[in-house]
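*Asks:* Any chance you can model this:
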Amino acid sequence: MPNEILLNAFSMNAVGHQSPGLWRHPRDRSGEFNRLPFWTELARTLEAGLFDGLFLADVLGIYDVYGASPDAALRHGTQVPANDPSLLVPAMAAVTKNLGFGVTSNLSYENAFPFARRMSTLDHLSEGRIGWNVVTGYLDSAARAAGLNKQRAHDDRYAVAEEYMDVVYSLWEGSWDDDAAVRDVARGVFTDPDRVRPAVYRGRHFSLDAVHLSEPSLQRTPVIYQAGTSPAGRAFAARHAECVFMSGPSVTALKPRVADIRRLAAEAGRDPAAIKIFAMATVVTGPTDAAAEAKLADYRRYVSPEGALTLMSGWTGVDLSTFRLDDEVRHVETDAGRTAMENITRADPSRVWTVREVAQHVGIGGIGPVFVGSGRTVADLMEAWIAETGVDGFNLAYVVAPESFEDVVEHVVPELQRRGRYKRAYAPGTLREKLGGAGPRLPSSHPASGFRSPRAHAQAAE
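*Replies:* Residues are numbered from 1 along each chain as shown. From the prediction side, this is the model:
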């Protein structure tokens, strides 16, 4: 029997996110991103639709590649203004019981010690429903904000990321035993010092000698998401990721990336089927195909082509304002995101993209596919993509918020349930367990387990 399809909502603590210009639509409420009711209502909607999680994007820095200026990003609301995604989680966790939360955090500019505490705190407050989307960044503006002239070379960022993971694993997995916080009122002992030890790490890029400030949370290490699918990103994902987020405009672009990650995971001694792969997609749906097509036509009236090119310029590191609209986009090697450039050049040799076509495609939902039609038609498209690419589910971007997610809950979820392709109730346990993990903690096959103390290994095996 086919596996159940996994669904995350894909959003950002910002205006617009993946559909530049749609903040102007009369039904869009994404401009309310800086008010908690917007997020708590969304969380309730997603949980009613049994979504696996809300995947929160983030970017440090501003999109200033297009026109060598931040003006276009500011003018069109292209992922700016943007607030911290992690601060949304406690409020949404308080009004839900099962919805997971994937928080993007850029390790290139985030000190590992306070970051590890923040994620442990979120895992405690959400009762084990937190995930971390590991990113290394792609904007030089973020590097300048951190006091650097420019970001590190693309593959060098992943070398730094490998050490960073060792540091946070040593804090999450090795510093405290499960039963260290004894809370012994009679003896007046809150934490047994013999069950706590400093995490010690010495590497090329990082040095640490510190006791983790948080006692172990339900998951210890949050569910590890990874969103880079360049060769270096895929190798990193095969070693560390439990969930991988991929973006690509076609089956042709996506299929070999999925196969490569699963191959690399097997070579790393991990179960390749245990890695859950989510493809980015956008759904425009309604009661009938005609109603959905009419909705898409209405949405297209609000697209900002310049905003779309501002996004793609930031993702690729190429200033698309210097091209004519009918110029073909050719491959250029930069230190920005490699996958974004591959998507519009080499990923599908049968497809040639002009700048105009890039703007049109990215204007609705970013670089992923747009599934348009009734719930039945969208379910057909989802099943076809999964069968052809081998992904496990989708990160669904919105066009109009929260309408796009409400429409999926109303029209697509019931159809998938009728086909036996979508859950009718949440599985018990933590986010890791809900996604198919054998327990709340990472398995012994994961590299994080190597940082556990002998006593913690014994506790994990119990």
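
*Asks:* Pull stretch 350-362 out as PDB, backbone CA atoms only.
*Replies:* Provided in PDB are the C-alpha atoms of stretch 350-362 (Å, rounded to 0.1, in the frame of the first residue of the first chain):
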ATOM      1  CA  SER A 350      15.000  20.200 -22.400                       C
ATOM      2  CA  ARG A 351      14.000  23.500 -20.900                       C
ATOM      3  CA  VAL A 352      15.500  26.900 -21.800                       C
ATOM      4  CA  TRP A 353      14.500  29.800 -19.500                       C
ATOM      5  CA  THR A 354      14.300  33.400 -20.400                       C
ATOM      6  CA  VAL A 355      14.400  36.100 -17.800                       C
ATOM      7  CA  ARG A 356      10.700  36.800 -18.500                       C
ATOM      8  CA  GLU A 357       9.800  33.200 -18.000                       C
ATOM      9  CA  VAL A 358      11.700  33.100 -14.700                       C
ATOM     10  CA  ALA A 359       9.700  36.200 -13.500                       C
ATOM     11  CA  GLN A 360       6.400  34.600 -14.500                       C
ATOM     12  CA  HIS A 361       7.100  31.200 -12.900                       C
ATOM     13  CA  VAL A 362       8.600  32.600  -9.600                       C
END
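
*Asks:* Let me see the mean pLDDT of it.
*Replies:* In this model, stretch 350-362 has a mean pLDDT of 88.

*Asks:* Looks like Asp326 contacts Arg356 (just checking).
*Replies:* Yes: contact criterion Cβ atoms under 8 Å: Asp326 and Arg356 qualify, at 6.0 Å. Using the backbone N, CA and C atoms, a C-beta is placed for each residue, glycine as well.

*Asks:* More neighbours: the two, which one.
*Replies:* Arg356 (15 against 9; other Cβ atoms under 10 Å).

*Asks:* I figured Leu122 hits Pro85, correct?
*Replies:* No: contact criterion Cβ under 8 Å: Leu122 and Pro85 do not qualify, at 10.5 Å.

*Asks:* Spit out the residues that contact those two alike.
*Replies:* Counting by Cβ atoms under 8 Å, 6 or more residues apart in numbering, the shared contacts of Leu122 and Pro85 are Val103.

*Asks:* So which residues of this structure form strands?
*Replies:* Using DSSP state E, the strands of the chain run over residues 6-12, 53-57, 100-106, 130-135, 199-202, 207-210, 223-226, 243-246, 276-286, 370-374, 393-397.

*Asks:* Let's have the ones you listed in CSV, adding distance to Asp156, mean neighbour count and mean pLDDT.
*Replies:* Converted to CSV, those look like this (distance: least, Cβ to Cβ, whole Å; neighbours: other Cβ atoms under 10 Å; pLDDT from 0 to 100):
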stretch, distance to Asp156, mean neighbour count, mean pLDDT
strand 6-12, 27, 26, 98
strand 53-57, 23, 26, 97
strand 100-106, 15, 25, 96
strand 130-135, 15, 26, 96
strand 199-202, 19, 16, 96
strand 207-210, 18, 14, 96
strand 223-226, 17, 26, 96
strand 243-246, 21, 27, 94
strand 276-286, 26, 25, 97
strand 370-374, 35, 21, 98
strand 393-397, 27, 27, 98
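
*Asks:* Now render those as JSON lines, adding distance to Phe113.
*Replies:* Listed next are the strands of the chain as JSON lines, based on distance: least, Cβ to Cβ, whole Å:
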{"stretch": "strand 6-12", "distance to Phe113": "26"}
{"stretch": "strand 53-57", "distance to Phe113": "22"}
{"stretch": "strand 100-106", "distance to Phe113": "14"}
{"stretch": "strand 130-135", "distance to Phe113": "15"}
{"stretch": "strand 199-202", "distance to Phe113": "9"}
{"stretch": "strand 207-210", "distance to Phe113": "6"}
{"stretch": "strand 223-226", "distance to Phe113": "18"}
{"stretch": "strand 243-246", "distance to Phe113": "25"}
{"stretch": "strand 276-286", "distance to Phe113": "29"}
{"stretch": "strand 370-374", "distance to Phe113": "42"}
{"stretch": "strand 393-397", "distance to Phe113": "30"}
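
*Asks:* Tell me which of the ones you listed lies nearest to Ala143.
*Replies:* Ranking the strands of the chain by their distance to Ala143 (criterion: Cβ to Cβ) puts strand 100-106 first, at 10.4 Å.
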